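[1] Give me a model of this one.
(2 chains)
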Amino acid sequence: MDIANALVDAISPVSKRGEGTGNGLRGVASPRRANPSQSGAMTTRQSPGLVRACRWFAAGASVAAVLLGGLVLVGWLFDLPALTKIFPGLVAMNPATALGFVFGGAATWVEAGEQPTSHLRLQIARACAGMVVIIGAARILGYLFGFDPLVDSLPFQSQLDREVPPNRIAPNTALDFLITGLALLSIDLEVRRGWRPAQFLALTAAIIAALAFMGYAYSIEPGTGGGEVNIVQDICCGPDGEAYVPLLSRVASYIPMTLHTAVGFMLLSAAILCARPEQGIMAVVVSDAHGGRIFRRLLPAAVSTLFVIGWLQLMGQRAELYGPQFGVALTVAASISILGSLIWWNALTVNRAEAERERIELELALARENEVEIGFKIQQILLLEQPPRDLAGIRVAALTIPSQRIDGDFYDFYRHGNRCLDVVIGDVMGKGIPAALLGAATKTHILQALSRLVALAGPEDLPEPREIVSLAHVGIVKQLIELGSFVTASYARFDLERHRLDLVDCGHTEAIHFRHAEHICAMLRGTNLPLGVIEGEIYDQITVPFEPGDILLFYSDGVTEARNRTGEFFGSERLAEFVRGFSHLDPEQLVERLREAVASFSGSERFADDLTCVAVTLGEREATRRRAELELSSTLSELASARAFVRDFCRALSDPPLDEETVAQLELAVTEATSNIIRHAYGGRTDQRIQLVADAFADRVVLRLHHLGASFDPEAVSPPAFDGSREGGFGMYLIAHSVDDVRYYRDERGRNCIALVKRRLAYA
Amino acid sequence: MDIAVENFGAVTIATLHGDELDASNVQDFKRDVAPVLAENRNVILDLSHLRFIDSSGLGAMLSCLRQLNATGAELKLCGMAKAVRAVFELVRMHRIFDIYDTREQAVSAFQR
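    A predicted model of the protein is given here:
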């Protein structure tokens, strides 16, 4: 229903509520949704608690960085080594470094706060970040080109130069400032697929700092308790002299990054990462999905494990338990086993989650199946009526094939004596049980409108279809608009006396009118909107004359919108051509052929939409040549009277008379049918009635048996045993082979009816 | 239902005197024919008076046949009207029963 969806989009912005709620299953949504920058590849559901914790951590860590820098500056100001060095025996933090932390911390604090922040605060943060970049860049340029940039030597010069070597910003510290400053300046820069360069800069800064930090950690000899060790010496030269100094430590041999500087950088980098917890790589870290949980579990475990293993290796080597080669081998083996276990543990978690998800999916599939079944039952019970079978001059057949998800297709028939037949066919926008229920409600409203208007009209007057549709529309329009749904429908009245069709088309598919005389198909289309689109719609009806031999086909868009493998629609033109080609068929055969045609076109017996159609063939309102009725009571002793009635009726016919064989066959069929009704439909009750009506037409005799007993399913009868092995089971077979047509239906009074049709020989 | 029984040597002819056999009188027929079937081994059912038979009547005929065959006795039918024969043929029972046009033919079939 493409047009329909477009329409509903246009009229109701909330009409598609409830669609796409798949991720709402576990109901966790980020409190800061709808951030367009979140559309990157790493976007998942995020844990609101973790996001909040990250922001708090970022704010706290930035304050800590400011405090660290501030304390060191105070230390320089009052010449307090306890503040500048923190650990006695370690190198003091350069005042420029301290200043860098104050600026960096301040900038981070602003960024970690509520976003977006005021313009002024943002400018201050930028300026602070700029200062950090300048400190780092100046020092690096100084090292590269051999000049003194003064940033780290001018303030407190005397105190600085007192140390040996003179206290300057270490190259790795300078690099870290440059990186950290750039990260702060570019914190909201996002490149393709949600990646954020600032986060990688912060990570690089953290790794450089971690390198220095681990250098300190690993250089503490057991037994010294981290006391008076010349760390500088230890790192610069190693305990075994020059030969052991690794290339990277050579950088440190100049002036190393101090321990508290390393800690400060790690804090600052972490704060920068945590200041944007929902973006870039951090989205995975704080995500509420399994990936996020695994990351948060695995990373701290892996980091601490590797750190401890490395430290143990060093300890063992220093204690001369093993040489460096064996040490590395031990480290690798330990890492493999511990990381392997961690990975296995996480794989187990993922597998369990997967199993749980599969179980839920299975449950969902079952629930869906159940829904389809309920919808199908609703449709059968509430939406689809049996077409009338015994109206002279008109034959109606209906077909519906439910799709995987029930549409709200419905049809109904209202018979006004022998004069008019109303055919209603409709289709509710949407699918599933809601659509089925709306279909039922609409059908009820139409019937209600009809009965109200009939009650108001005179005994000979019938309300016009447009009046009925308008009244039904008034009854449901508000609710339909509220629900964001609507109903397309056709209300057709066949006036069999005046040979005209009055049609109200409420946005339904074009009805196909096959005109027998010209052998062409005309498409009947009105201009009205579907029911439930706008209030105050005035429904018009179109009037078309019809002739005997004409066919009217009403259908749901499931027919015309069936697609073949190349995506082509079945289409109304193909449908009209089909009707033209099979116009000689009975309506029952026509709808069955149509089902086959659509199935072979789409290459499948299962359709995306419900396939619903109603075929009406119009005939002569032929005169009954002779009619007789007999009222029987439901006892087997009446069988002889039934036969006598049929015999007398048939023998009285002339022009042409019925031959004795035909009469005998009709006697047999009526006996079998009557005894079936007495024994099975009435279950042996002898106080019930059976009305036997005989009609003779020019070309056939029709015997009808009306009764109030249980309906009968001819499909459920097993064929007789022709080998004589069973004594019963011949009745249905005998009926079927004695007459030309047997029909089971409900008559206009709701009684079950068996109609036996026997053709008369053609005129000689 | 009246059933007249005549014996010709070892052959027993039972003649149905009703003209219709349907669900309304099939129980009577079964009851009345039972002693004939129990006492005789070569039975001919003469249906020449019968004008109408329905599926219950067919069932009763089958029941007679099976009762006799169970003890090794035999059943032959004769004298069917056209309409009755048509019902037998419709459900192919003419292939199950031995059917003769006249009682003489049926008797001589037993004596052969």
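[2] now residue A:365: how far from chain B?
    Using Cβ to the nearest Cβ, to the nearest Å, residue A:365 is found at 48 Å from chain B. Heads up, the C-betas are built off the backbone N, CA and C, glycines and all.
[3] Just say helix, strand or coil for residue A:354.
    Secondary structure for residue A:354, judged by DSSP: H, G, I helix; E, B strand; the rest coil, is helix.
[4] and it, how many residues sit next to it?
    Other residues lying near residue A:354 total 11 when counted by other Cβ atoms under 10 Å in any protein chain shown.
[5] For residue A:512, pull up the helix or strand it's in.
    Counting by DSSP states H and E, the secondary-structure element that holds residue A:512 is strand A:511-515.
[6] relative to strand A:511-515, how tilted is the helix or strand just after that strand?
    As assigned by DSSP H and E, the chain's next helix or strand after strand A:511-515 is strand A:520-524. Using axes from the mean of the first three to the mean of the last three Cα atoms, to 10 degrees, the interaxial angle of strand A:520-524 with respect to strand A:511-515 works out to 150 degrees.
[7] ok, and for the helix or strand just after strand A:520-524, which residues are buried?
    Towards the C-terminus, the helix or strand next in line after strand A:520-524, according to DSSP H and E, is strand A:542-545. By 16 or more other Cβ atoms under 10 Å in any protein chain shown, the buried positions in strand A:542-545 come out as A:542, A:544.
[8] can you list contacts of strand A:542-545?
    With Cβ atoms under 8 Å, 6 or more residues apart in numbering or on different chains as the contact definition, strand A:542-545 has outside contacts at A:499-503, A:505, A:513, A:522, A:524, A:526.
[9] Return the strand holding residue A:512 as PDB; C-alpha atoms alone will do.
    Written as PDB, here are the backbone C-alpha positions of strand A:511-515 (Å, rounded to 0.1, in the frame of the first residue of the first chain):
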ATOM      1  CA  ALA A 511     -13.100  -2.100  -9.900                       C
ATOM      2  CA  ILE A 512     -12.900  -4.000 -13.200                       C
ATOM      3  CA  HIS A 513     -16.100  -4.000 -15.200                       C
ATOM      4  CA  PHE A 514     -16.000  -6.600 -18.000                       C
ATOM      5  CA  ARG A 515     -18.700  -5.600 -20.600                       C
END
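[10] so how far is it from its chain's centroid?
    Strand A:511-515 sits 39 Å away from the centroid of its parent chain (Cα atoms, centre = their mean, to the nearest Å).
[11] Give the other helices and strands that that strand contacts.
    The contact analysis (3 or more Cβ pairs under 8 Å, 6 or more residues apart in numbering or on different chains; DSSP states H and E) places strand A:511-515 against strand A:500-506, strand A:520-524, strand A:551-555, helix A:571-581.
[12] Can you list the buried residues in whatever helix or strand residue A:74 lives in?
    Applying DSSP H and E as the criterion places residue A:74 in helix A:48-77. By 16+ other Cβ under 10 Å, the buried positions in helix A:48-77 come out as A:50-51, A:54-55, A:57-59, A:61-66, A:68-73, A:75-76.
[13] Check which residues of stretch A:618-635 are buried.
    Neighbour count says stretch A:618-635 has A:618, A:630, A:632, A:634 buried, by 16+ other Cβ under 10 Å.
[14] hang on, the earlier thing: chain center to the helix holding residue A:74: distance?
    Taking the mean of its C-alpha atoms, helix A:48-77 sits 45 Å from the chain's own mean (Cα atoms, centre = their mean).
[15] Enumerate the positions of stretch A:745-759 that are buried.
    A:745, A:747, A:751-758.
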